[in-house]
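Student: Predicted model, plus sequence, below.
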Amino acid sequence: MTHLKQLLIAFSILILVPTVLAAQEKELYIKYKYTQSDKLRLIYSEGSSRRKGTVEVFSYGNKIASRKYKGILNTLDEDGNSIASDTMYYYTVIDYPKGYLLISDDSPAERAQLLLKEPLNLFEWKPGMDTKTILGYTCHKATCNFRGRNYEAWFTRDIPFKAAPWKFHGLPGAILEVYSTDEYCSWVAEGLEIRPFKKEIELPFYGCDIVDMDTYIKILKKKKQVVLKLAERRRYSEEEISMSTRSIEKFDLD
């Protein structure tokens with residue numbers, strides 16, 4: 001290799017490396033409004049059959065992390081008064097290089113937090129022809145059926161990141177809106193920002209049990225039995241029992 005070729009290769013590397021590093025040093029932040037059907041709230045006169053919340057998504061490198069507000073952890077001060085000590089979230093991490101996702105969940109039957117591990121091949125999206133604008137970005141429609149529900153997603157290729165709430169993945173861009181066609185749940189982006197990447201969000205996964213889908217189904221069945229026993233004592237109706245054991249994913253728990 002001639003000295004001139006070596007200089008050209010070195011020069012090309014010097015140009016390429018800052019570009020790659022610049023991409024790695026950015027992150028996409030999206031804030032979604034999340035709604036989920038909760039007819040039990042209507043039964044108990046709380047005024048709404050929709051549960052609302054916020055989901056935050058952080059996309060950096062080849063990883064997507066999202067968190068959904070869960071509640072405030074209260075502790076007691078020296079005088080025995082209850083004080084808010086920490087904010088609690090449900091988390092999802094999609095790791096493309098490793099080919100799996102982790103999603104945190106509560107298991108009342110086990111009284112512990114657990115992590116469900118799943119491969120990144122869950123969604124079979126069908127592209128559509130429709131487009132619409134969300135937050136100033138042209139979005140394309142895609143549909144799929146996933147564990148008992150039909151979903152419509154609107155994603156944009158105009159943002160150089162992959163991003164999505166919950167465990168959604170598999171589309172070539174950032175999902176800015178996704179919902180089930182039965183109106184059970186929806187995620188709608190309210191704002192987004194491409195900003196300097198500082199550090200990964202802290203994930204409280206230490207000490208959590210990691211389970212596969214078969215184990216998770218067994219835990220859900222146990223949870224359903226706990227709910228049924230409680231319902232029997234409180235004399236819940238069949239409709240109330242059905243709604244209290246319902247989730248986004250429709251699993252056969254009988």
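Tutor: Alright, I've got the coordinates. Every value quoted in this text rests on a predicted model; they were computed, and no experiment measured them.
Student: And Ile194, how close does it get to Thr133?
Tutor: Note on Ile194: its distance to Thr133, by CB to CB, to the nearest Å, is 18 Å. The way it works is simple: take the backbone N, C-alpha and C, and place the C-beta from them, glycine included.
Student: Isn't Ser101 up against Leu115?
Tutor: Ser isn't right for residue 101; it's Leu. No. Using CB atoms under 8 Å, Leu101 is not in contact with Leu115, being 9.9 Å away.
Student: With neighbour numbers in mind, choose between the two.
Tutor: Taking neighbours as other CB atoms under 10 Å, Leu101 and Leu115 compare with Leu101 leading, 22 against 19.
Student: and that one, bridged to which residues?
Tutor: Ile94, Glu118 (DSSP bridges).
Student: so where's the stretch 101-250 of the chain shaky on pLDDT?
Tutor: Counting by pLDDT under 70, the ranges of the stretch 101-250 of the chain that qualify are 105-113, 206, 231, 234-246.
Student: would you list every one of the strands in it?
Tutor: Along the stretch 101-250 of the chain, counting by DSSP state E, counting those that start in this stretch, strands occupy 112-119, 126-134, 137-146, 149-156, 174-180, 185-196, 209-211.
Student: Pick the most buried one from these.
Tutor: strand 174-180 (a mean of 22; mean count of other CB atoms under 10 Å).
Student: now the angle between strand 137-146 and that strand, please.
Tutor: For strand 174-180 against strand 137-146, the angle by axes from the mean of the first three to the mean of the last three CA atoms, to 10 degrees is 40 degrees.
Student: could I get strand 174-180 in PDB with only the CA atoms?
Tutor: C-alpha atoms of strand 174-180 as PDB (Å, rounded to 0.1, in the frame of the first residue of the first chain):
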ATOM      1  CA  ALA A 174     -40.300   6.100  15.300                       C
ATOM      2  CA  ILE A 175     -43.900   5.200  16.200                       C
ATOM      3  CA  LEU A 176     -45.700   8.400  17.100                       C
ATOM      4  CA  GLU A 177     -49.200   6.900  17.600                       C
ATOM      5  CA  VAL A 178     -50.400   3.400  18.100                       C
ATOM      6  CA  TYR A 179     -53.800   2.100  19.300                       C
ATOM      7  CA  SER A 180     -55.900  -1.100  19.400                       C
END
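Student: what does it rub up against?
Tutor: Residues outside strand 174-180 that contact it (CB atoms under 8 Å, 6 or more residues apart in numbering) are 28, 30, 59, 134-135, 137, 139, 149-156, 159, 161-165, 168, 185-189, 192, 248.
Student: change it to 7 Å
Tutor: Outside strand 174-180, the residues that touch it by CB atoms under 7 Å, 6 or more residues apart in numbering are 28, 30, 134-135, 137, 139, 149-156, 159, 161-164, 168, 185-189.
Student: Stretch 158-170 now?
Tutor: For stretch 158-170, contacts defined as CB under 7 Å, 6+ apart pick out 28, 30, 32, 55, 57, 59, 64, 66, 92, 94, 101, 103, 120, 122-123, 125, 137-138, 153, 173-175, 178, 187.
Student: make it 6 Å
Tutor: Residues from elsewhere that reach stretch 158-170, judged by CB atoms under 6 Å, 6 or more residues apart in numbering: 28, 30, 32, 55, 57, 59, 64, 66, 92, 94, 101, 103, 120, 123, 125, 137, 174-175, 178, 187.
Student: What's the PyMOL syntax to select whichever of the residues you listed are buried?
Tutor: A single PyMOL command selects the buried members of the contacts of stretch 158-170 (16 or more other CB atoms under 10 Å):
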select buried, resi 28+30+32+55+57+59+64+66+92+94+101+103+123+125+137+174+175+178+187
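Student: mind listing what the residue lying closest to Asn145 once chain neighbours are set aside touches?
Tutor: Counting by CB to CB, 6 or more residues apart in numbering, Asn145 lies nearest to Tyr151, which is 7.5 Å off, once chain neighbours are set aside. Shown in contact with Tyr151 (CB under 6 Å, 6+ apart): Cys144, Val178, Ser180.
Student: Mind listing the residues bridging to Tyr151?
Tutor: Cys144, Ser180.
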